[in-house]
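Q: structure here, sequence nowhere to be found:
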């Protein structure tokens, strides 16, 4: 796990096109405190900060040049099957630069170019400079666990792992907030790729690649798309239940085993829930009980999961450490949290504080249960999609657009009414159902939050939103379609980006076993009736575990990894929201009258705290950008 920055000059010397090298490496330091490296040629400069996990020796240092002297690579992430790839594709004559996954990846790229992406099992973002052709190749993993940003302007092409570090590398550039992206943030709680919060700065999409030529002309492509691999085999299930369970068990065991590949100790974030408990059980079945598990605990008993987490750990022959987070610790930690925030996000505080606690234990690599709900349909809203889809079809048939527009203006801060009217907007009913079930702020209310100068008259929010969402293949059932939308929008643009952003803020590598792509493809292709026996969520996951979870874990209702934020912020927001969010400096971005009305509705118990937090997070993030 690392961070990198590269600047390619199209004219003149690259030294004239980028900021101070030491400052760039300092901006990357939190992503890789173990080693720093740089490579300079007349036309390109590349910087790398390394968190040593696989092959901790100097042989794995980056930027890494291949044995021919033609290619230079910088890499962030982990290739879990690199040992097998070395055996199958690499010579044993010493031409591979050492024993790291970076060295294997570099050799594979030199041999196969972008075709090597099909071979990789891992989370990754990497860049390869071809010194002979003066080109740069970028690629990103299938789910987007690792970020990769790029910008082309003023005779240069720049790329990197973090926007904050890119700003250091390009200090004279204007970093203006993109109005379109801000609008999407207020509807989604994050900015989805390929957009970023900044004008003319791009995020390489998950499963994508990019190649430049010497003039920095850009070619892009996609090597993997979730759903497309399942589109022809999801209408039914020809296998027996026993064979499906057995195949799922094999894939789960392989996924968990692969995510423990490391030359340093590996820990597990353990809650009292299903997904992390399943990982602990799979680790025991693999012969490696987890003795570095961590659970967060709270003084508020309704949020405490320590007893269940401890029970799970003992059940599977492991141990768990407890870290209690108090309201005062959370509030005092918010300045650091917002300082670490690379782009505005309405989530991520749980990852930030969990990784802060994990770092004190001296363990760099941790496993997470992220992806389990998406894969095994554990979210309660998924089971509402079918009837919301039917309701959307009815409303689209009977409500004229003029009625919806008039009703939305009248609804104002009555977000439930806005959400219902949103179902009636023209468009694919399953997307309207998902958006209505998932978005914190309905898009017509989000539009009312924006300042007039932050909105373009030609924009249409339904079309803007639809452009964010992937194609819903018609032969998928409603729950599969909801899983596709959840995985390609919320999981990729928020959960996974927050995981990288806030884990690396503490120099922590987070790995997600449920995102092994062969496992995900196989389970995703199964119809709802197979994944949820008799309507019980995650019944396939439960059946596939070699040893059952404790009964108390199986019986508890779905809760999620939840902080008592609503309680903690009740008093803190009274002081802070008016000072920061309602400050007149935000009038270029917000309609402050609407924000004030939402704030008052929250104080009167009419608006959920998450709406206010989403606005507050944007204001706090922007405040940090000015300082």
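A: Alright, I've got the coordinates. Because the structure is predicted, anything quoted here is derived from the model rather than measured. Numbers count the residues shown, from 1 in each chain.

Q: tell me the phi and psi of the residue positioned nearest the centre of the chain?
A: Centroid-nearest residue in the chain: residue 496, 1.6 Å away (criterion: Cα atoms, centre = their mean). When read as degrees, to the nearest 10, the backbone of residue 496 gives phi -70, psi -40.

Q: what's near enough to touch it?
A: The contact partners of residue 496, by Cβ atoms under 8 Å, 6 or more residues apart in numbering, come to 143, 144, 145, 370, 512. Glycine gets a C-beta too; all of them are placed from N, C-alpha and C.

Q: now, which of those residues sits nearest residue 206?
A: Within the contacts of residue 496, proximity to residue 206 (Cβ to Cβ) peaks at residue 144, which comes in at 3.1 Å.

Q: what about the closest one, neighbour count?
A: Per other Cβ atoms under 10 Å, the neighbour tally for residue 144 reads 28.

Q: that one reaches residue 497, doesn't it?
A: Yes. Between residue 144 and residue 497 there is a contact under Cβ atoms under 8 Å: 7.3 Å.

Q: on the three-state scheme, the residue of the chain positioned farthest from its centre is what?
A: No residue in the chain sits farther from the centre than residue 93, which is 39.0 Å out by Cα atoms, centre = their mean. Of the three states, residue 93 takes coil according to DSSP: H, G, I helix; E, B strand; the rest coil.

Q: could you do the one 4 residues further on as well?
A: Secondary structure for residue 97, judged by three-state DSSP, is coil.

Q: okay, now it: neighbour count?
A: Neighbourhood size, residue 97 [other Cβ under 10 Å]: 19.

Q: so who does it touch?
A: Residues near residue 97 by Cβ under 8 Å, 6+ apart: 59, 64, 65, 66, 67, 103, 106, 107.

Q: which non-adjacent residue is nearest the last one?
A: Looking back up the chat, that one is residue 107. Of all residues not flanking residue 107 in the chain, residue 96 sits nearest, at 4.9 Å (Cβ to Cβ, 6 or more residues apart in numbering).

Q: ditto for the fifth one
A: Distances taken as Cβ to Cβ, 6+ apart put residue 95 closest to residue 67, at 4.6 Å, once the chain neighbours are dropped.

Q: does the one you found touch residue 107 like I think?
A: Yes. Applying Cβ under 8 Å, one finds residue 95 in contact with residue 107, separated by 7.2 Å.

Q: so the two - more neighbours on which side?
A: Taking neighbours as other Cβ under 10 Å, residue 95 and residue 107 compare with residue 107 leading, 23 against 13.

Q: tell me which other helices or strands the one helix or strand that one maps to touches.
A: Per DSSP states H and E, residue 107 falls inside helix 101-112. Contact here means 3 or more Cβ pairs under 8 Å, 6 or more residues apart in numbering; DSSP states H and E; on that basis helix 101-112 packs against strand 64-65, strand 71-79, helix 82-89, strand 122-130.

Q: run the chain-centre distance for it.
A: Helix 101-112 has its average C-alpha position 26 Å from the chain's average C-alpha position, going by Cα atoms, centre = their mean, to the nearest Å.

Q: with stretch 81-101 instead?
A: Taking the mean of its C-alpha atoms, stretch 81-101 sits 30 Å from the chain's own mean (Cα atoms, centre = their mean).

Q: buried stuff in it?
A: For stretch 81-101, the neighbour count (16 or more other Cβ atoms under 10 Å) marks 81, 82, 85, 86, 90, 96, 97, 99, 100, 101 as buried.

Q: cool, and stretch 121-135?
A: Neighbour-count burial for stretch 121-135 flags 121-131, 134-135 (criterion: 16+ other Cβ under 10 Å).

Q: also stretch 468-487?
A: Using 16+ other Cβ under 10 Å as the test for burial, stretch 468-487 gives 468-470, 472, 476-487.

Q: what lies in contact with stretch 610-620?
A: Residues outside stretch 610-620 that contact it (Cβ under 8 Å, 6+ apart): 182, 185-186, 189, 334, 338, 341, 344-346, 415, 440-441, 449, 565, 569, 573, 576-577, 580-581, 583, 586, 589-590, 595, 598-599, 602.

Q: filter those to the buried ones?
A: When the contacts of stretch 610-620 are checked for burial by 16+ other Cβ under 10 Å, the buried set is 182, 185-186, 189, 334, 338, 341, 344-346, 415, 440-441, 449, 565, 569, 573, 576-577, 580-581, 586, 589-590, 595, 598-599, 602.

Q: one step back: and which of the buried residues of stretch 468-487 is nearest to residue 460?
A: Nearest to residue 460 among the buried residues of stretch 468-487: residue 468, at 13.3 Å, using Cβ to Cβ.

Q: chain neighbours aside, what residue packs nearest to the closest one?
A: That would be residue 192: by Cβ to Cβ, 6+ apart, it lies 5.0 Å from residue 468.

Q: next one: residue 439
A: Among residues not flanking residue 439 along the chain, residue 187 sits closest, at 5.7 Å (Cβ to Cβ, 6+ apart).

Q: quick check: the one you found touching residue 461?
A: Yes. Judged on Cβ under 8 Å, residue 187 makes contact with residue 461 at a distance of 7.1 Å.

Q: which neighbours do these two share?
A: With contacts defined as Cβ under 8 Å, 6+ apart, the residues shared by residue 187 and residue 461 are 443, 446.

Q: any regions of the chain where pLDDT drops low?
A: Where the chain drops to pLDDT under 70, the residues are 229-240, 534-535, 557-561, 627.

Q: what's the domain layout of it?
A: Structural domains assigned to the chain are 2-222, 241-379+478-555, following automatic domain parsing.

Q: any chance of those domains in a markdown table, with distance to residue 435 too?
A: What follows is the domains of the chain, written out as a markdown table (distance: least, Cβ to Cβ, whole Å):
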| stretch | distance to residue 435 |
| --- | --- |
| domain 2-222 | 8 |
| domain 241-379+478-555 | 8 |
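
Q: re earlier: which among the contacts of residue 97 count as buried?
A: Among the contacts of residue 97, the ones that count as buried by 16+ other Cβ under 10 Å are 64, 65, 66, 103, 106, 107.

Q: which pair in these spans the largest distance?
A: Spatial extent of the buried ones among the contacts of residue 97 (Cβ to Cβ) is set by the pair 65 and 107 at 12.0 Å.

Q: which residues touch residue 505?
A: Contacts of residue 505 (Cβ under 8 Å, 6+ apart): 30, 336, 340, 352, 355.

Q: for stretch 335-343, buried residues please.
A: Residues of stretch 335-343 classed as buried by neighbour count (16+ other Cβ under 10 Å): 337, 338, 340, 341, 342, 343.

Q: scratch that, stretch 413-423
A: Residues of stretch 413-423 classed as buried by neighbour count (16+ other Cβ under 10 Å): 413, 415, 417, 418, 419, 420, 421, 422, 423.

Q: tell me how far that stretch lies from the chain's centre.
A: Centre to centre, stretch against its chain (Cα atoms, centre = their mean), the figure for stretch 413-423 is 27 Å.

Q: same deal with stretch 160-172?
A: The answer for stretch 160-172 is 20 Å, by Cα atoms, centre = their mean.

Q: could you do stretch 73-85 as well?
A: Per Cα atoms, centre = their mean, the displacement of stretch 73-85 from the mean C-alpha position of its chain is 19 Å.
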